[in-house]
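In: Sequence and predicted structure are below.
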Amino acid sequence: MLSTLLKAVVSQRLLKSAKGDGLVLVPEVMLVDNTVAACIRKDKFSVSEIEDAIQGTHEKGSISLINSLSELYVAGKLSLDQVKAQIDEKNYETLNRTIMQLNLKRNSVRIKK
C-alpha cells in the first residue's frame, strides 16, 4: 500500500565546501516507478537494488548520491576526500567511473565550443 502512495523520496546533505567558505547542498532524489515500488514491496531488498532502480530512473529525474557527489567534485565544490567520506568503500569504483564519465563529457563540450 505504501509504495502505491509514495511518489518520490528526497534526501539532502549539507557539506562544507572544498574551499571552506560555505555549505554545499548534496541532493538525492528517488522517483518511485514500478521498478522501485517492486523493490519496496519485497520483504527483503538490498540497498544495491534500490540504487540500481534509482540509476534506471535517472532520465525521469532521479538523482543518485554518487551522481550528485561526482558532479559537485567535478565542479570543484567538494574535495575527493569529502566525497569518499559520504559513501561506502565498495562504491569507490562506481564513483571513479562516474567522475571519469563526467570529466569526459565536460571536456567534449569544451572542445565543441
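Out: Cool, got the structure.
In: mind listing the strands for this protein?
Out: Applying DSSP state E to the chain gives strands spanning 8-16, 23-31.
In: out of those, deepest packed?
Out: strand 23-31 (a mean of 16; mean count of other Cβ atoms under 10 Å). C-beta here means a position set from N, CA and C on the backbone, and glycine is covered the same way.
In: Can you check what angle separates that strand from strand 8-16?
Out: If you take axes from the mean of the first three to the mean of the last three Cα atoms, to 10 degrees, strand 23-31 sits at 160 degrees to strand 8-16.
In: returning to that earlier point: CSV for the strands of the chain, including mean pLDDT and distance to Val74?
Out: Converted to CSV, these look like this (pLDDT from 0 to 100; distance: least, Cβ to Cβ, whole Å):
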stretch, mean pLDDT, distance to Val74
strand 8-16, 95, 15
strand 23-31, 95, 13
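In: and those as a markdown table, adding distance to Asp52?
Out: Compiled in a markdown table, those are given as follows (distance: least, Cβ to Cβ, whole Å):
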| stretch | distance to Asp52 |
| --- | --- |
| strand 8-16 | 15 |
| strand 23-31 | 12 |
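In: out of these, which comes closest to Ser68?
Out: When the strands of the chain are compared by Cβ to Cβ, strand 23-31 sits nearest Ser68, at 5.2 Å.
In: For Gly76, find the nearest of the strands of the chain.
Out: Among the strands of the chain, strand 23-31 sits nearest to Gly76 (Cβ to Cβ), with 10.5 Å.
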